[in-house]
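Asker: what's the 3D shape of this:
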Amino acid sequence: MKWIIRILLILVISLVGYGFSIKSYESPEGDKWIGVGILILALVLMPLFIYHRYKNKNINDYVFDLNKFKNKDTDNQ
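Answerer: Below you'll find the predicted structure:
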């Protein structure tokens, strides 16, 4: 999974770089390549990265529980 994420990151960086290099020659196709790179980043790379980082974690550790907060607040008074 780590290698897939790295390969996709290199692909996104190269697509965006290629798009900007074409755009510097005032070609209208540069925007298309930049857009494809950003779409891959947002729709493929980010969900894979989030899944990879949190697949063995307990999500309840990261959720704010208002009841615990209220109990701590009443204990201090």
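Asker: Please tell me how far the host helix or strand of L39 is from the chain's geometric centre.
Answerer: According to DSSP states H and E, L39 maps onto helix 29-40. How far helix 29-40 lies from its chain's middle: 16 Å, per CA atoms, centre = their mean, to the nearest Å.
Asker: Not counting that helix itself, show me its contacts.
Answerer: Residues from elsewhere that reach helix 29-40, judged by CB atoms under 8 Å, 6 or more residues apart in numbering: 8, 11-16, 18-24. To be clear about C-beta, it is placed using only N, CA and C from the backbone, and glycine gets the same treatment.
Asker: and with 10 Å instead?
Answerer: Contacts with helix 29-40, where a contact means CB atoms under 10 Å, 6 or more residues apart in numbering, come from 8-9, 11-24, 27, 45-46.
Asker: Just the buried subset of those, written out for ChimeraX, thanks.
Answerer: Burial among the contacts of helix 29-40 is assessed by 16 or more other CB atoms under 10 Å; the matching ChimeraX selection reads:
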select :8,11,12,15,16,18,19,22,23,45
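Asker: Let me see the mean pLDDT of whichever strand or helix holds N67.
Answerer: If you go by DSSP H and E, N67 is part of helix 66-76. Mean per-residue pLDDT for helix 66-76: 68.
Asker: give the contact list for the residue positioned nearest the centre of the chain.
Answerer: Residue closest to the average C-alpha location in the chain (CA atoms, centre = their mean): M46, at 3.0 Å. Contact analysis of M46 by CB under 10 Å, 6+ apart lists 5, 8, 40.
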